[in-house]
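K.L.:
Pasted the sequence and its predicted model underneath.
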Amino acid sequence: MGKRGRAAVVVLGDIGRSPRMQYHALSLARQTFLEVDIVAYGGSEPHISVLEHQSIHIHKMPQWPTLPRLPELLRPLFLMLKPIFQFFVLLWYLCVKIPVPDVFIVQNPPSVPTLVVVKFASWLRHSAFIIDWHNFGYTLLALSLGRSSLFVAIYRWIEKGCGKMAHGSLCVTKAMQHELSQNWGIKATVLYDQPPEFFRPASLEEKHSLFCRISKHINEPYGRRDCVSNGSAGPQNNDPSVTPFTTKVGTDISLKQNRPALVVSSTSWTPDEDFGILLEAALMYDRRVAALLGEDDKTGDEIGWDEKQFAYPRLLFIITGKGPQKEKYEKKIRKLNLKRVAFRTMWLSAEDYPLLLGSADLGVCLHTSSSGLDLPMKVVDMFGCGLPVCAVSYSCIKELVDVEKNGLLFSSSSELADELMMLFEGFPEKCNALKSMRSNLMERVSSVRWATTWEEHAKPLITEVIAENYT
């Protein structure tokens, strides 16, 4: 049987929220000239470069239906039925519906039933089988069931067994590579996440255009008017030439000197990201600045943000993402009485999200990792846009964040508040530490990209695995 010139990229999740697998598909199509079949769930739109590539074909599987609240007695039954449903749907797509590929590349986690089905499909269709290890599935399950659970032990056994049967493995960190080698008997190639070409610093024109497009979200506070919606660019002002950050006169666009500092955080709103840390840090920043400026008794409405320059700026936190705990934290935000800090939550298109990162002043990452062995891709994207980051400290994060060079680490809300105070003092002109980190990132922005790293590390493994499968 000869080579088919095809690859299948498998994600038991929303393909629009799986950027690394989208980038795999693009690289397989562009750099190995294969036809690519993506098998995944729908939900969020992938990047337009994936949608418009003639060699990439997306197959959206039906999902397990969202059911109304069930009686306690029925809940275990439906929890058991869901993976069975997923098993047979995935089996149908991989074994029947898509053309026979040379190689399956599957995202892990989730491990069950994904790895079992892909292994069977690869055997049935005489295809190679590569796992891209983003994390360990059993550690995510342990967040809800506990490490001592029998289900977690069984899940780990299946994950390890299927992992050892793969023809090749990629992983996201050296720490994970070491764990796979020493404790799982699996040889993996490290493929660090790198930003694709569309993650880059935004131009002034792009910033202004983006702020105009999302102005409705920016100008709508949670509850009472806040330090962003209260200014001249508030909801009462529909002038498209003015945003809270930029002003357009004729064809000339400029950044406002008294603009808020824009801080971006992307979250999946799950228990492994403690969003409460960010809320507490924002509250501390708000109170500390008030104390330093002797404005403890003032209400937000009395602060004339458009009248003069302040030693510490207003902060606008834009939080992007979807997830189960979003409403819980939105309720908490509404209860905060913040004078110098505002929050907005929104979901952006795959085209606007890179522009937001490229327009921001600082990124915040709350990812802690269930295994302690993976790295947050959101930080990689921020670095691609020349955006310095404050990230939660954990075991292998220093493989990505070079402290005081491209970002800072914190372990508590107090430490994050300290960093916000230090980085934004004198904003926008005199914040030297922030400018230094941005300058360091700008030197690397164009030198390290996904396509280059994939060509060096992933392509040789994929080519070798396909060749060995036909010998």
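P.N.:
Good, I have the coordinates.
K.L.:
Let me know the distance separating K378 from P195.
P.N.:
From K378 across to P195, the span is 11 Å (C-beta to C-beta, to the nearest Å). The C-beta positions use only the backbone N, C-alpha and C, and glycine is treated the same way.
K.L.:
Settle it for me: which of those two has more neighbours?
P.N.:
Per other C-beta atoms under 10 Å, whichever of K378 and P195 has more neighbours is K378, with 26 against 22.
K.L.:
Of all the residues in stretch 243-263, which ones are buried?
P.N.:
243-248, 253, 256, 258-263 (16 or more other C-beta atoms under 10 Å).
K.L.:
Show me these that map onto helices.
P.N.:
Of these, none are assigned to helices by DSSP state H.
K.L.:
Nearest to V289, out of those: which one, please.
P.N.:
Distance to V289 across the buried residues of stretch 243-263 (C-beta to C-beta) is lowest for A261, with 11.7 Å.
K.L.:
what number of residues lie near S55?
P.N.:
Counted with other C-beta under 10 Å, S55 comes out at 17.
K.L.:
Could you list which of the buried residues of stretch 243-263 belong to strands?
P.N.:
246-248, 253, 261-263 (DSSP state E).
K.L.:
what's the farthest-apart pair in those?
P.N.:
Going by C-beta to C-beta, the pair spanning these furthest: K248 and V263, at 23.6 Å.
K.L.:
quick one, phi psi at the closest residue in space to S122 that isn't next to it in sequence?
P.N.:
Leaving aside its chain neighbours, S122 sits nearest to F129 (3.8 Å; criterion: C-beta to C-beta, 6 or more residues apart in numbering). Note on F129: its backbone torsions stand at phi -140, psi 110 [degrees, to the nearest 10].
K.L.:
pLDDT score for F129?
P.N.:
Looking at F129, its pLDDT is 95.
K.L.:
And R314, how far from A282?
P.N.:
11 Å.
K.L.:
sorry, that was for F245
P.N.:
19 Å.
K.L.:
Tell me how many other residues surround E429.
P.N.:
Neighbours of E429 (other C-beta under 10 Å): 9.
K.L.:
dump the residue contacts of Y312.
P.N.:
Y312 makes contacts with 285, 289, 292-293, 340, 421, 424-425, 427, as judged by C-beta atoms under 8 Å, 6 or more residues apart in numbering.
K.L.:
mind checking the backbone torsions on it?
P.N.:
phi -120, psi 130.
K.L.:
got any ranges where the stretch 51-200 of the chain has weak pLDDT?
P.N.:
67-68, 70, 72-73, 75-76 (pLDDT under 70).
K.L.:
Strands of the stretch 201-350 of the chain, residue ranges please.
P.N.:
In the stretch 201-350 of the chain, the strands defined using DSSP state E, counting those that start in this stretch lie at 246-249, 252-255, 261-266, 315-320, 341-346.
K.L.:
now these in TSV, with mean pLDDT and distance to V152?
P.N.:
Converted to TSV, those look like this (pLDDT from 0 to 100; distance: least, C-beta to C-beta, whole Å):
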stretch	mean pLDDT	distance to V152
strand 246-249	91	50
strand 252-255	92	50
strand 261-266	95	28
strand 315-320	94	30
strand 341-346	91	32
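K.L.:
okay, those in CSV with distance to E464 next?
P.N.:
Output for the strands of the stretch 201-350 of the chain, formatted as CSV (distance: least, C-beta to C-beta, whole Å):
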stretch, distance to E464
strand 246-249, 50
strand 252-255, 50
strand 261-266, 35
strand 315-320, 38
strand 341-346, 43
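K.L.:
Indicate which one of those is closest to I397.
P.N.:
Using C-beta to C-beta, the nearest of the strands of the stretch 201-350 of the chain to I397 is strand 261-266, at 15.5 Å.
K.L.:
same for that closest one, what does it pack against?
P.N.:
strand 315-320, helix 352-359, strand 362-365, helix 377-384 (3 or more C-beta pairs under 8 Å, 6 or more residues apart in numbering; DSSP states H and E).
K.L.:
rerun at 6 Å
P.N.:
Secondary-structure packing of strand 261-266 (3 or more C-beta pairs under 6 Å, 6 or more residues apart in numbering; DSSP states H and E): strand 315-320, strand 362-365.
K.L.:
Please enumerate residues in contact with the last one?
P.N.:
Right, strand 362-365. By C-beta atoms under 6 Å, 6 or more residues apart in numbering, the residues outside strand 362-365 that reach it are 263-265, 376, 378-379, 382, 387-391.
K.L.:
Could you do the first one as well?
P.N.:
The set of residues external to strand 315-320 that reach it, using C-beta under 6 Å, 6+ apart, is 228, 260-266, 341-345, 348.
K.L.:
between that strand and strand 341-346, how big is the angle?
P.N.:
Strand 315-320 and strand 341-346 are oriented at 20 degrees to each other (axes from the mean of the first three to the mean of the last three C-alpha atoms, to 10 degrees).
K.L.:
What strands flank strand 315-320, and is each parallel or antiparallel?
P.N.:
Sheet partners assigned to strand 315-320 using DSSP bridges are listed as strand 261-266 (parallel), strand 341-346 (parallel).
K.L.:
would you list those strands in JSON lines and tack on distance to K459?
P.N.:
As requested, these are exported to JSON lines (distance: least, C-beta to C-beta, whole Å):
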{"stretch": "strand 261-266", "distance to K459": "28"}
{"stretch": "strand 341-346", "distance to K459": "36"}
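K.L.:
if we compare those, which one ends up closest to G16?
P.N.:
Judging these by C-beta to C-beta, what sits closest to G16 is strand 261-266, at 13.5 Å.
K.L.:
what's that closest one in contact with?
P.N.:
By C-beta under 6 Å, 6+ apart, strand 261-266 touches 313, 315-321, 356, 360-364, 378, 424, 427.
K.L.:
cutoff 8 Å now
P.N.:
245, 278, 313-321, 353, 356-357, 359-366, 378, 381-382, 387, 420, 424, 427-428.
K.L.:
to the chain's geometric centre, what's the distance from it?
P.N.:
13 Å (C-alpha atoms, centre = their mean, to the nearest Å).
K.L.:
Kindly report the same for stretch 74-85.
P.N.:
In terms of C-alpha atoms, centre = their mean, the centre of stretch 74-85 is found 29 Å from the chain centre.
K.L.:
So which bits of that stretch are buried?
P.N.:
Those would be P83, for stretch 74-85 by 16+ other C-beta under 10 Å.
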